[in-house]
Structures are given as C-alpha cells and as structure tokens.
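In: Structure here, sequence nowhere to be found:
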Ligand SMILES: O=C(CO)[C@H](O)[C@H](O)COP(=O)(O)O
C-alpha cells in the first residue's frame, strides 16, 4: 500500500469514534482530509450537529460537506478530537505541526476528553525528534526565540513563506535530542514569544490508530 492508501485506511478506522458524537473536534492534514471525505459519505453525517475545527483549511472542508463549524468558546469541552501526527511513540506522545496548525490543535485536543491520533506506519517512532520540531512564534520574537532554541541544542529554521492562521511564524527546529518530551515541551513553551510548540507530551493521545500493511493497529 502507498502511504496515502495507509492514511485513508486509518481514517476509515477512525470513523467509528465519531459515531454518536454530536459535536466533534477535527484536526488538520492529509490524513484528516481523508477522514472528512469519508465522513461526507457516512450514514451518520446528518447526526453530527457541528464540529470544532483546528484550521481554516479544515473549516472550509467541513463546511463544504455540510457540517456546521462551531467556536470552542460556544461548545465547552468536547467528547472526541481526531487528528494526525508527524511522529507518535508507543507511549502516545506526539510531535505535530508539520501542517502549521499546532496551536489550535493543542488547544482543541486539550479541551477534549478523548484524543484519537491517526497515522500511517511511517509516523510510529520510539523516540521523538527526527522530524523537525515546529515552534510557533510571534514574529517580533522570532530571532530571540531562535537564539534560545540554539541554547537548547537545536537548529531552528524559519518556515519560508508561511504565516499561521494566528498570524504567527514557525521555526522548524532540527537536531534536537528529545530525551524527556514533557520537560522539553514545558521548557520551550516558557520562552517568551513562543505561542506553542509541536510536542504533545503533557497531554498525549488517548488512542493511537496506526495503518500498517493491510491492518490497523490500536494502541
Ligand atoms: O500536525 C499536523 C498539522 O499541523 C498534522 O496532523 C501532521 O502534520 C500530519 O499530517 P498528515 O496527516 O498530512 O501526514
């Protein structure tokens, strides 16, 4: 199977977590795009009252298939949030933000009782950090934050021609050794000017679905 076929397969397996959930939380990325397409053809789409979306791209896609998009401020905590990841460990810690939606993803994921992470097998790792760690920064703090990230041993690279949905920039940090993802997540978030970083370790996933060969593994 191709990587895209694995993404579609794992998205299919995630559909059942959205059944009988009136207000769903929806992530961002190509795996989630498959999920929204499958949702459009599902027999329970009409039962969904609305969705809280993690990006403008996802909002547009949800609206296109007729699912109303709600603000998190209107809904309170959600039952289920489904999203992809760039890396995930057997302990369900994730590295996310390849698509640049990390801040909203972290907010909605944190405000959800169940975080379902859907990935193809190439994203399953033992140790996080091969994928460059995205750090969303206020533009005026970019250089300062970059220097602080160098002190932590990383090599920050400004994501070219990219402005997040929050009007911020992203530094992709290469070569970090992530021995303690919880500690590093907190350390980076404590740098003034950082909106958030792509480590999802303090609040990892509750369920991880991995598309592997012809099957889907559940952690
Ligand atoms: O964190 C993300 C976006 O900010 C995505 O979940 C992550 O980049 C995985 O994307 P894809 O499903 O396209 O592989």
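Out: Here it is on my side, so go on. The shown structure was predicted, so the numbers you read here are calculated from the model rather than taken from an experiment.
In: Next, residue 204: phi, psi?
Out: Reported as degrees, to the nearest 10, the phi and psi values for residue 204 are phi -80, psi -160.
In: Next: the one 5 residues further on.
Out: Recorded main-chain torsions at residue 209 are phi -110, psi 130, according to degrees, to the nearest 10.
In: Tell me how many other residues crowd it.
Out: Counted with other CB atoms under 10 Å, residues neighbouring residue 209 total 25. Yep, even glycine has a C-beta here, placed from its N, CA and C like the rest.
In: Ok, residue 143 next?
Out: Number of residues near residue 143 (other CB under 10 Å) recorded here: 14.
In: My reading is that it lies in a helix. Confirm?
Out: Yes. Assessed with DSSP: H, G, I helix; E, B strand; the rest coil, residue 143 lies in a helix.
In: can I assume residue 77 is in contact with residue 110?
Out: No. With contact taken as CB atoms under 8 Å, residue 77 and residue 110 are classed as non-touching, separated by 9.2 Å.
In: what comes up buried for stretch 123-140?
Out: For stretch 123-140, a neighbour-count test (16 or more other CB atoms under 10 Å) marks 123-125, 128-129, 131-138 as buried.
In: That stretch close to the ligand?
Out: No. In this structure, stretch 123-140 remains apart from the ligand according to CB under 6 Å from any ligand atom; the gap is never smaller than 7.1 Å.
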